[in-house]
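[1] Any chance you could fold what I've pasted below:
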Amino acid sequence: MNTTILHWLSDWGVPVFAHEYLYWTITLSCVVLVIYMVNLIFRRVLSPAIRKVTNKTTFEWDEIVLSDSMLKDISRLIPPILLAVLLPIVFVEGSDVLDFVMRINNIYLVVVVAKLFCTFLASLYNLSLHHERLKNHSLQSVYQMLKVLVVCVALIIVVSILINKNPGYILTALGASAAVLMLVFKDMIVGLVAGVQLSVNDMLRPGDWIAMPKYGADGDVIEVSLTTVKVQNWDKTITTIPPYALVSDSFQNWRGMQESGGRRVKRSVYIDMRSIQFCTEEQIKEFESKGWLEGIERADDRPVNLHVFRNYLEKYLRNHPRVNQDMTIMVRQLQPTVEGLPLELYFFSAGTAWIQYEQLQSEIFEHLFAILPTFGLRIFQSPMGSDLVGVSLNVN
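    Numbers count the residues shown, from 1 in each chain. Have a look, this model is predicted:
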């Protein structure tokens, strides 16, 4: 007990047998009262004042960083800090009771500080979601890594307080068992390194459309965490992929297509090569009247119908309102096959939305199939049973 307070009680005429009772009653009541008053002032006066100031500013970061949860965690620091200051006054220095109470108080202080750091990291993560440059980066794994480090440091300090050893002693013991720890936390460590690589190299962002057939993933990335990457497939199922798989294996990211503003169409039709021929006089007159021979360099007076058709298709694509005119537009022939001559249309849509893309593709090829006979061309198609009806076979 503090002798100064006991002398005060004697001077006030308090009987000796009541000294101890009054001493603990007065000192503990004063400690509780001081803690309560300071905490009350912070919660009822300082916190509302801080909120008013952050609400009046034009910045958004102060409202996120100094959120209600952050201020609440700061208020939790008040009791252990005041106890650390007031307890040496109440107890005699070097007493076993003071040592025990201070240890408990220090452990509580470490836990509160760790909680405060975790809340601060959560506020920084929320702030990054509102930042133009950072909101598209998968930073969740980085913040989770920092939280794990904070918790690990807090645990080391708590253990050192309990066993009354320097934290360096704990680190030395952990270093000796590093192999066991790496084996136990292997997935977390590998996922941590992979998550950092994904974030630093900007390989993956929430909202990206990725395809990874090995894991059955084809859809939008909805979450990138320390140990998992969640992909919502187009059939609304969820595929979970370990981050290290995205680093060690290959996957397709469609972000470039989405940011370009155009989606590629690369599709072929097979032309029956027996229908490719020089245009007749009637066809030439019809094509000239419609302007389909403009831009065709003719070595003679009879162009090939397939050449005119390719020229027509390219003009059709260059005048289509939903075809991206700033990207490649091409109609080309591929290597002939037993199924005919492949005629490939290579162009980009003016948007990346899936439904509009499929509608545009269908519309253009439906027009191609309908206009093709006008040029005297035919599509190769394997014969069906109805095509063979009436065909007689001469058997000797």
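
[2] Residue 270 belongs to a strand, doesn't it?
    Yes: Residue 270 forms part of a strand when assessed by DSSP: H, G, I helix; E, B strand; the rest coil.

[3] what number of residues lie near it?
    18 (other CB atoms under 10 Å). All C-beta atoms are positioned from the backbone trio N, CA, C, and that covers glycine.

[4] Can you give me every residue that contacts the closest residue to it other than its chain neighbours?
    Excluding the flanking residues, the one nearest residue 270 by CB to CB, 6 or more residues apart in numbering is residue 340, at 3.7 Å. Going by CB atoms under 8 Å, 6 or more residues apart in numbering, residue 340 touches 270, 271, 272, 273, 379, 380.

[5] try residue 39
    By CB under 8 Å, 6+ apart, residue 39 lies in contact with 75, 78, 79.

[6] Over to residue 253?
    203, 204, 208, 209, 210.

[7] Kindly give the local confidence score, pLDDT, for it.
    pLDDT, residue 253: 91.

[8] what's the answer for residue 8, then?
    So residue 8 comes in at 57 (pLDDT).

[9] Pull the number of nearby residues for residue 343.
    Count around residue 343 with other CB under 10 Å applied: 22.

[10] likewise the one 5 residues further on?
    When neighbours are defined as other CB under 10 Å, residue 348 has 23 of them.

[11] And residue 146, by the same measure?
    Residue 146 has 16 neighbours, counted by other CB under 10 Å.

[12] pLDDT wise, what is it at?
    81.

[13] Pretty sure it sits against residue 121.
    Yes: look at residue 146 against residue 121 with CB atoms under 8 Å: they come within range, at 5.4 Å.

[14] Check the gap between residue 228 and residue 370 for me.
    50 Å (CB to CB, to the nearest Å).

[15] So which of those two has more stuff around it?
    residue 228 (16 against 9).

[16] now residue 219, what's its secondary structure?
    Recorded secondary structure, residue 219: strand (three-state DSSP).

[17] so what's it closest to, chain neighbours aside?
    That would be residue 233: by CB to CB, 6+ apart, it lies 3.9 Å from residue 219.

[18] Repeat that for residue 171.
    Leaving aside its sequence neighbours, residue 171 sits nearest to residue 156 (CB to CB, 6+ apart; 6.8 Å).

[19] Remind me which helix or strand that neighbour belongs to.
    Element membership for residue 156, per DSSP states H and E: helix 140-163.

[20] which of the residues in that helix are buried?
    Neighbour counts over helix 140-163 (16 or more other CB atoms under 10 Å) mark 140-147, 150, 154, 156-158, 160-161 as buried.

[21] swap in stretch 244-260?
    Neighbour counts using 16+ other CB under 10 Å place 244, 245, 246, 247, 251, 253, 255 of stretch 244-260 among the buried residues.

[22] Likewise for stretch 219-230?
    For stretch 219-230, using 16+ other CB under 10 Å, the buried residues are 219, 221, 224, 225, 226, 227, 228, 229, 230.

[23] ranges for the strands of the stretch 251-396 of the chain?
    According to DSSP state E, counting those that start in this stretch, the stretch 251-396 of the chain carries its strands in the segments 252-253, 264-271, 330-333, 341-348.

[24] Enumerate every residue touching residue 241.
    Contacts of residue 241 (CB under 8 Å, 6+ apart): 212, 215, 217, 228, 229, 230, 231.

[25] which one of those residues is nearest residue 167?
    When these are compared for distance to residue 167 (CB to CB), residue 228 comes out closest, at 31.9 Å.

[26] Distance check, the nearest residue to residue 160 once chain neighbours are set aside against residue 155.
    Spatially, and ignoring its direct neighbours in sequence, residue 160 is nearest to residue 167 (4.5 Å; CB to CB, 6+ apart). Using CB to CB, residue 167 is found at 10 Å from residue 155.

[27] pLDDT weak spots in the stretch 201-350 of the chain?
    Applying pLDDT under 70 to the stretch 201-350 of the chain picks out residues 298-301.

[28] still on that earlier bit, what pLDDT does the residue nearest to residue 171 get?
    Predicted confidence (pLDDT) for residue 156: 84.

[29] Next, residue 226: phi, psi?
    Residue 226 adopts backbone torsions of phi -70, psi -30, taken as degrees, to the nearest 10.

[30] Now do the contacts for the nearest residue to it once chain neighbours are set aside.
    Spatial nearest neighbour of residue 226, chain neighbours left out: residue 144 (4.0 Å); criterion: CB to CB, 6+ apart. Going by CB under 8 Å, 6+ apart, residue 144 touches 195, 225, 226.

[31] Counting neighbours, what do you get for the first one?
    It refers to residue 195. Neighbour number of residue 195 under other CB under 10 Å is 28.

[32] one step back: can I get the contacts of residue 144 in a markdown table including distance to residue 331?
    Output for the contacts of residue 144, formatted as a markdown table (distance: CB to CB, whole Å):
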| residue | distance to residue 331 |
| --- | --- |
| 195 | 45 |
| 225 | 47 |
| 226 | 49 |
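
[33] quick one: secondary structure of the most centrally placed residue in the chain?
    What sits nearest the mean C-alpha location of the chain, by CA atoms, centre = their mean, is residue 206, with 2.5 Å. The three-state assignment at residue 206 reads coil, by three-state DSSP.

[34] Okay, and the beta partners of the residue nearest to it when sequence neighbours are not counted?
    Closest residue to residue 206 apart from its sequence neighbours, by CB to CB, 6+ apart: residue 221 at 5.5 Å. Beta-bridge pairing for residue 221 (DSSP bridges): residue 231.

[35] for the stretch 251-396 of the chain, what spans make up the helices?
    Ranges of helices in the stretch 251-396 of the chain, per DSSP state H, counting those that start in this stretch, are 255-260, 281-290, 305-318, 354-371.
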